[in-house]
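Novice: Would you be able to build a 3D model of this:
(one chain, ligands or ions: 1)
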Amino acid sequence: MPTRLFDEVKNEITTILSNLIRINTTNPPGNELEAANYLKNVLSSEGFDCEIIKSAPKRANIITRMKGTGKKPSLLLLSHLDVVAANEKQWSINPFGGLIKDGYVWGRGALDMKGMTTIEIMVYILLKRNDVQLKGDLILAATADEEKGGINGAKYLMENYREKISADYVINEGGGHGITIQNRTIFTIQNAEKGIIWFKVKTKGIPGHASMPDKNTNAIILMNKVIEKLTNYNPQTILPTSLRMFLEKLAINNPQLIKSFSDIIANPPQSDLILNKLAEHYPDLVTEIRPRVKTTITPTIIKGGLKENVLPSECETTFDCRILPGQSSERTLEIIKTLLKDIDSKNIEIEILQIQEPTVSKVDTKFYDTIVSVLKDFKPGCGVTPLLMTGGTDSRFFRRIGSICYGFQPRLLEKSSPRIITREHGIDERISIRNLVFGTSVLYEVVKQFLC
Ligand SMILES: [Zn+2]
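Specialist: Down below sits the predicted model:
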């Protein structure tokens, strides 16, 4: 069956997204209830029964289900309703104005991920309007709180309403967009996520008058050593399966990439040198690869000192550490503790804030093959690759119970670029109307081919 673009829903989908962006769901505090209510109206007017599940005051998730005959597996179209903060002063337009201009819908969440929520809803509506009979259940869930770890969203639903949202397969955020390597489009399907360890290090010193300094008892100077030690730590290179597949797909027809990538695979300890050399020609691509072959440890918040002339007795720094599939948080923390012990064991404390182990979904599935085949119908000659994501998404909760989850927000590149994350969480976030139509059309076809 030939694939086609649903150009006729252009205005409808643009309006839904614009309205959704106008509901400010910056998390914290979230306030996703209003967005969930809006979507309930949209879906109810199309004849769907929706359920709004509140997890806290003004925090809500919306779920609806299209029953299949049970002859095929179930599929969940997942998205989150909350967004990260936007500093209006840095934007050229109001981030919560829902502006439609120059072929784009502008605003916080356009890419991450209200655009995808809208696409999933449109797919849902179109399946019903076209009277498509499904053999597997299709569930739609737009949740709260993803940007703060899903405690009031996916995690809450998983703990309290698992039967309502669990599915054999899940489509979520994290991949789907095309990247270009030498004029060739390669679409990504996110099948793995690095694990997260958020921790805080506290250093202690002795307070006193700053006119009589002592380098050995100053909490800030000690913290300086901590930061230096942890950020200079050079972990071993690891090449998870999805990364190997990613490198292979990127390198097709490119002798220089083929040579560099096979050198890395043959000799992981040399990866820094090989990547440095490759960066001379492919700086953006190397920026994407580096955090995918190693553990990263990055300071993100620092607090210390009380007054201009008082020696600081305390300093604390929060670190964001990301580990690869195959690594464990337990072992990584041991390494971190050993590194800190080398500096000073008495005046350094470590506090764990959050731990999420890495997650992976296999790619030798019929569902993965369906996505690849639909993409090739829409964009003949394109490449498709699994993607290991450096960040985390709600997919982790579903992978833990055995669901196969793919991050797949089908999107053509607005501008030729090998970068994977571009304007998500950034200034002047926007999505083209062309991509809203493309995303809807591709996802519609994927769902139809997989569930019919
Ligand atoms: Zn997101």
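
Novice: gap between the residue positioned nearest the centre of the chain and residue 231?
Specialist: The centroid of the chain falls nearest to residue 174 when counting by CA atoms, centre = their mean (4.3 Å). Noted for residue 174: a distance of 26 Å to residue 231, by CB to CB, to the nearest Å. C-beta: built from backbone N, CA, C; applies to glycine.

Novice: Using the three-state scheme, assign residue 109.
Specialist: coil (DSSP: H, G, I helix; E, B strand; the rest coil).

Novice: contacting residues for it?
Specialist: Listed by CB atoms under 8 Å, 6 or more residues apart in numbering, the contact set of residue 109 reads 20, 21, 25, 83, 115, 429.

Novice: can you redo those residues as a markdown table with secondary structure, distance to the ion and neighbour count?
Specialist: Formatted as a markdown table, those follow (DSSP: H, G, I helix; E, B strand; the rest coil; distance: CB to the ion, whole Å; neighbours: other CB atoms under 10 Å):
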| residue | secondary structure | distance to the ion | neighbour count |
| --- | --- | --- | --- |
| 20 | helix | 14 | 26 |
| 21 | helix | 14 | 30 |
| 25 | coil | 12 | 27 |
| 83 | strand | 8 | 30 |
| 115 | helix | 10 | 28 |
| 429 | coil | 11 | 26 |
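
Novice: ok, so of those residues, who is nearest residue 200?
Specialist: Using CB to CB, residue 83 is the member of these that lies nearest residue 200, at 25.6 Å.

Novice: If you drop the residues flanking it in sequence, what lies closest to the closest one?
Specialist: Excluding its sequence neighbours, the residue lying closest to residue 83 (CB to CB, 6 or more residues apart in numbering) is residue 109, at 4.0 Å.

Novice: any idea how far the one you found lies from the ion?
Specialist: Residue 109 sits 9 Å away from the ion, going by CB to the ion, to the nearest Å.

Novice: What about that residue? Give its phi and psi, please.
Specialist: phi 100, psi -10 (degrees, to the nearest 10).

Novice: Now the residue in the stretch 301-450 of the chain positioned nearest to the ion: closest residue in space, sequence neighbours ignored.
Specialist: Here the stretch 301-450 of the chain gets closest to the ion at one residue, residue 393, 6.3 Å apart by CB to the ion. The shortest distance from residue 393 to any non-neighbouring residue, by CB to CB, 6+ apart, is to residue 174 (5.0 Å).

Novice: close enough to count as contact, the one you found and residue 194?
Specialist: No: with contact defined as CB atoms under 8 Å, residue 174 does not reach residue 194; the gap is 11.3 Å.

Novice: Give the residues shared as contacts by the two.
Specialist: Common contact partners of residue 174 and residue 194 (CB under 8 Å, 6+ apart): 389, 391.

Novice: For residue 353, give its distance to residue 411.
Specialist: Residue 353 is 32 Å from residue 411, by CB to CB.

Novice: more neighbours, these two?
Specialist: residue 411 (24 against 12; other CB atoms under 10 Å).

Novice: on that earlier part again, any idea how far the residue of the stretch 301-450 of the chain closest to the ion is from residue 77?
Specialist: In this view, residue 393 and residue 77 are 14 Å apart by CB to CB.

Novice: Same question for residue 406.
Specialist: 11 Å.

Novice: Name the residues contacting each of the two.
Specialist: Residues touching both residue 406 and residue 77 by CB under 8 Å, 6+ apart: residue 171.

Novice: what's the helix or strand bottoming out on mean pLDDT in the chain packed up against?
Specialist: Least confident helix or strand, the chain: strand 178-181 with a mean of 82, by mean pLDDT, DSSP states H and E. Judged by 3 or more CB pairs under 8 Å, 6 or more residues apart in numbering; DSSP states H and E, strand 178-181 is in contact with strand 184-193.

Novice: Show me what the following helix or strand past the strand it packs on is packed up against.
Specialist: Next along the chain after strand 184-193, taking DSSP states H and E as the criterion, comes strand 195-204. In terms of contacts (3+ CB pairs under 8 Å, 6+ apart), strand 195-204 is packed against helix 219-232, strand 314-323, helix 329-341, strand 348-356.

Novice: Single out the most deeply packed of these.
Specialist: The highest mean neighbour count among those, using mean count of other CB atoms under 10 Å, belongs to strand 314-323: a mean of 20.

Novice: Partner strands of it and their direction?
Specialist: Looking at strand 314-323 with DSSP bridges, its partner strands are strand 195-204 (antiparallel), strand 296-304 (antiparallel).

Novice: Tell me which of these lies nearest to the ion.
Specialist: Taking the strands paired with strand 314-323 one by one with CB to the ion, strand 195-204 is closest: 14.2 Å.

Novice: Convert that closest one to CSV, retaining C-alpha atoms only.
Specialist: Below are the C-alpha coordinates for strand 195-204, written out as CSV (Å, rounded to 0.1, in the frame of the first residue of the first chain):
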residue,chain,number,x,y,z
GLY,A,195,21.8,5.3,33.4
ILE,A,196,21.8,8.3,35.8
ILE,A,197,23.5,8.9,39.1
TRP,A,198,22.9,12.3,40.6
PHE,A,199,25.0,12.9,43.7
LYS,A,200,26.1,15.7,45.9
VAL,A,201,29.6,16.1,47.4
LYS,A,202,30.0,18.1,50.5
THR,A,203,33.4,19.4,51.7
LYS,A,204,34.1,20.7,55.2
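
Novice: Just the pLDDT for residue 290.
Specialist: At residue 290, the pLDDT value in this model is 94.

Novice: when you give positions from now on, start the count at 215
Specialist: Got it, the first residue is 215 from now on, which makes the last one we talked about residue 504.

Novice: hang on, the residue of the stretch 515-664 of the chain closest to the ion is in a helix, isn't it?
Specialist: No: counting by three-state DSSP, residue 607 is not found in a helix; it is coil.

Novice: Contacts only, for it.
Specialist: Contacts of residue 607 (CB under 8 Å, 6+ apart): 360, 386, 387, 388, 404, 407, 621.

Novice: Can you check which helix is longest in the chain?
Specialist: Looking across the chain with DSSP state H, the single longest helix is helix 647-665.

Novice: Might one say that residue 274 is in contact with residue 247?
Specialist: Yes: the criterion here is CB under 8 Å, and residue 274 meets it with residue 247 at 4.1 Å.

Novice: What is the nearest of the contacts of residue 607 to residue 576?
Specialist: Closest to residue 576, out of all of those and judged by CB to CB, is residue 404, at 13.2 Å.

Novice: partners of the residue nearest to that closest one when sequence neighbours are not counted in the sheet?
Specialist: Leaving aside its sequence neighbours, residue 404 sits nearest to residue 621 (CB to CB, 6+ apart; 2.7 Å). Counting by DSSP bridges, residue 621 is bridged to residue 386, residue 404.
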